[in-house]
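> With the sequence up front, the predicted model follows.
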Amino acid sequence: MLILLLLYVIFMVVVAGLSSGFGSHSFIRRLPPPFITLSSLLVSIVLLLTFNRLDSHSIWEPFQWQLPFARLQVGIDPLSGFFLFPLLVLILSSATYGLSYLRGHDAGRLHWFYFSLLTGGMVVVLIARNALLFILAWEIMALASFLLVITDQQKPAAIQAGWIYFVTTHIGLAFLLALFFLLGQISGGLDFAGWSGVTFTTRQANWLFILALTAFGLKAGFIPFHIWLPLAHPAAPSHVSALMSGIMIKMGIYGLLRVCLIIQPFQTWWGVLLIVLGGISGILGVLFAIGQHDLKRLLAYHSVENIGIILIGLGLGMIGITHGQPTIAVLGFAGGLLHIANHALFKALLFMGAGAVIRQTGSAAIDRLGGLIKFMPRTALLFGVGSAAICGLPFFNGFISELFIYAAGLAGATGSGTQLTLICLAAILMLALIGGLAVACFTKVFGIVFLGEPRQPLDPVPSEAPSGMRYAMTLLALLCLAIGLAGPLIMPILSKPVRFLTGPLPLLPLYSITRIVGLILGGLLGCFLMVAGLYRLIRRRPPIPAQTVTWDCGYSQPAPTMQYTASSFAAPITDHYRLPLQTHIACQKDSQLFPDQPWQFHSLVEDWFLSRIYAPLINTFDRIFASLRWFQSGKTGRYVLYIAVTLIVLIIWKFF
């Protein structure tokens, strides 16, 4: 399997690089997506067949290379194997979608080369078992995604978003280097296997956890490390946004779990901190999303929200282990891990649906759209599936993973111990609030974009998305439905990483809940199909003709502009949460009884983390470093002097 994964990475990069470098014909430049799709499908099938044989000792070192302190040491275990499943599925669907999405658009000759580098970097991150190899793959992943974000270099917003992402990810890299340096200093090596055999003191483990949380949190994008995410994801092409939001940010969760397994045993305050950060990210993420007017920016904030849900599940799992509660531990980790895969599927589906809308209408402004279900019925159906899944509604995959987290919280809330009860109750309340707000947000999105009438004339009239884009979305929608209805079938894949995190704890609660939910949902689906069949039989009778006017709400000449807008729909919620949202409202109105000019109203939910915390901090550092620009004179003599002084200082420090 490891040989196949390495060959898969090399194959994708080489094919994409050759087609980009030597493919002057459009046919040759379209070769990488089919190759990427077929190879991803092959690797997925092999991984599925061999997953049950994975263990923590499958490490392989193909050959020695000349990099100091680095070994080409790779391995695959149940944790990395579990993350590979959604990664391979999204690579397959994103490549299929991107081939049709980019048709007629100039994305640059190197687009698929960067795409292959991004996917290959993520695969190597998951299988790397040496610190320097991990960092190398991590940096390849970061640089490739940066180059994909700035694909549309004609838009200043895309360039700005790309540079903010570039700076943020390299700040995370600095913390990652510090983390690996300390681990190497304590253990005396840079191999993960050597780190796992070291016994860390509580103080060492706590500091390493903080470094890991910061380093990988900047990639995962939970609050307060999320500032790059709502800027970069809307700027990238939609199939890249699907890949980045669906699985790339999960590399941060993978890295955090990997380090926590190395420095275990878990500490109670680790789990509490994850639950607090998850609750804040989930609630503020969905609140920021409700106030957005750009479709892809709204979806980006929902990635912040769902990372928060994942952290709540993982935090409950850690607390269950530290308190000796196997039910909480198993259900918490199961819910967190399953939500990683589920979010990858439905968030990629939603970004692809948004991309189809933007491609066919030329606009991502929610308030300009409307009535698209008449022009794009298949896209509307698939986007509706993703909306139901992200809201955690029954029959879809988001319901199953959130149910596990709820069950973990209920098991702790009804258990013994005041501290554990309060923590689990808080987790349940935060998760319930996040779910309710998510339903409100996607009711707004689907209703404003697909229902009603177009709020502005659509020129040209939009048509259905190309078939390649629909096929990719259909695959993800079917997987969302399959996991939601056939929960017991995913247990062989989910139980191994859960056991890898929890140790030899009984998995009976996981299997029991899954079987019960599967039976209930199957029964409900059967009833629904029976009712639908009876309805079709009744409709075969000739209808009684009836004609009447549509209710016009008291207006003699209703117009599309009288419909709800995104702002008016969300106003009750944004007004209620105006303190954490800091909503800006601009209203221009005429006080006359019969005004001459139309009124104008605009609301803006600003991410005050960026405008009030990070922007002043960045400006302060910019002023400080601007005063030191004389140090960089550009004269070679001065640089030689700097090197000589540095060497003298190091020699003195070494001997004294």
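Perfect, I can see it now. Numbers count the residues shown, from 1 in each chain.
> Please name the nearest non-neighbouring residue to the most centrally placed residue in the chain.
With distances taken as C-alpha atoms, centre = their mean, the chain has S245 as the residue nearest its mean C-alpha position (3.3 Å). Once flanking residues are discounted, S245 sits nearest to S303: 4.6 Å by C-beta to C-beta, 6 or more residues apart in numbering. Using the backbone N, CA and C atoms, a C-beta is placed for each residue, glycine as well.
> Let me know the secondary structure of that neighbour.
Three-state assignment for S303 (DSSP: H, G, I helix; E, B strand; the rest coil): helix.
> Pull up the per-residue confidence for it.
According to the predicted model, the pLDDT of S303 comes to 92.
> Also Q547?
So, for Q547, pLDDT stands at 66.
> so which helix or strand takes in L49?
helix 32-50 (DSSP states H and E).
> after that helix, next one along is what?
Assigned by DSSP H and E, the successor of helix 32-50 is strand 59-60.
> any idea how this structure splits into domains?
Domain segmentation of the chain under automatic domain parsing yields 268-537, 606-656.
> Out of those domains, point me to the one whose mean pLDDT is lowest.
domain 606-656 (a mean of 81).
> Quick one: closest of the domains of the chain to I186.
Among these, domain 268-537 comes nearest to I186, with 18.4 Å by C-beta to C-beta.
> Please tell me how far the host helix or strand of L579 is from the chain's geometric centre.
Using DSSP H and E, L579 maps to helix 578-581. Distance, stretch centre to chain centre, for helix 578-581: 24 Å (C-alpha atoms, centre = their mean, to the nearest Å).
> can you list the residues that contact that helix?
L284, L287, F288, G291, T574, V605 (C-beta atoms under 8 Å, 6 or more residues apart in numbering).
> quick one: the third one from Y301, how far?
Plainly put, F288 is 5 Å away from Y301 if you go by C-beta to C-beta, to the nearest Å.
> Contacts only, for G197.
S187.
> Angles on the backbone of it, please.
G197 adopts backbone torsions of phi -90, psi 0, taken as degrees, to the nearest 10.
> and the domains of the chain, which is most packed in?
domain 268-537 (a mean of 21; mean count of other C-beta atoms under 10 Å).
> wait, Y577 sits on L287?
Yes - at 5.4 Å, Y577 counts as touching L287 under the criterion of C-beta atoms under 8 Å.
> my guess is F166 meets F146, correct?
Yes - using C-beta under 8 Å, F166 is in contact with F146, at 4.9 Å.
> Let's test this: mean pLDDT of the helix holding L579, rounded?
On average, helix 578-581 scores 78.
> what about the residue nearest to S245, distance to F35?
On the measure of C-beta to C-beta, S303 and F35 end up 29 Å apart.
> Ok, V259 next?
On the measure of C-beta to C-beta, V259 and F35 end up 35 Å apart.
> And L429, by the same measure?
49 Å.
> same question, T327
46 Å.
> same for the host helix or strand of G279, what does it pack against?
Assigned by DSSP H and E, G279 belongs to helix 268-290. For helix 268-290, the packing partners by 3 or more C-beta pairs under 8 Å, 6 or more residues apart in numbering; DSSP states H and E come out as helix 202-220, helix 295-322, helix 418-450, helix 566-576, helix 578-581, strand 600-605.
> The helix or strand just after the longest one packs against which elements?
Think helix 418-450. Sequence order places helix 467-485 as the next helix or strand after helix 418-450, per DSSP H and E. On a contact count with 3+ C-beta pairs under 8 Å, 6+ apart, helix 467-485 meets helix 78-101, helix 326-361, helix 377-390, helix 397-413, helix 508-539.
> again, only this time at 10 Å
helix 78-101, helix 238-243, helix 326-361, helix 377-390, helix 397-413, helix 508-539 (3 or more C-beta pairs under 10 Å, 6 or more residues apart in numbering; DSSP states H and E).
> With just CA atoms, put that helix into CSV.
The C-alpha trace of helix 467-485 is given here as CSV (Å, rounded to 0.1, in the frame of the first residue of the first chain):
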residue,chain,number,x,y,z
SER,A,467,-22.5,17.2,-17.0
GLY,A,468,-19.0,16.7,-15.6
MET,A,469,-19.7,19.1,-12.8
ARG,A,470,-23.1,17.4,-12.0
TYR,A,471,-21.4,13.9,-12.0
ALA,A,472,-18.9,15.1,-9.4
MET,A,473,-21.7,16.6,-7.2
THR,A,474,-23.9,13.5,-7.6
LEU,A,475,-21.1,11.3,-6.3
LEU,A,476,-20.7,13.4,-3.2
ALA,A,477,-24.5,13.6,-2.7
LEU,A,478,-24.9,9.9,-2.9
LEU,A,479,-22.1,9.3,-0.3
CYS,A,480,-23.8,11.8,2.0
LEU,A,481,-27.0,9.9,1.7
ALA,A,482,-25.3,6.5,1.9
ILE,A,483,-23.5,7.3,5.2
GLY,A,484,-26.7,8.7,6.6
LEU,A,485,-28.8,5.7,5.8
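> going on from it, what's the next piece of helix or strand?
Assignment by DSSP H and E places the next element after helix 467-485 at helix 491-502.
> Put the alpha carbons of that next one into PDB.
Taking C-alpha atoms only, helix 491-502 is exported to PDB below (Å, rounded to 0.1, in the frame of the first residue of the first chain):
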ATOM      1  CA  MET A 491     -18.300   0.800  11.300                       C
ATOM      2  CA  PRO A 492     -15.400  -1.400  10.000                       C
ATOM      3  CA  ILE A 493     -13.700   1.800   8.700                       C
ATOM      4  CA  LEU A 494     -14.600   4.000  11.700                       C
ATOM      5  CA  SER A 495     -13.900   1.500  14.500                       C
ATOM      6  CA  LYS A 496     -10.200   1.000  13.800                       C
ATOM      7  CA  PRO A 497      -9.200   4.700  14.100                       C
ATOM      8  CA  VAL A 498     -11.400   5.100  17.200                       C
ATOM      9  CA  ARG A 499      -9.700   2.100  18.700                       C
ATOM     10  CA  PHE A 500      -6.300   3.600  17.700                       C
ATOM     11  CA  LEU A 501      -7.100   6.800  19.700                       C
ATOM     12  CA  THR A 502      -8.900   5.200  22.700                       C
END
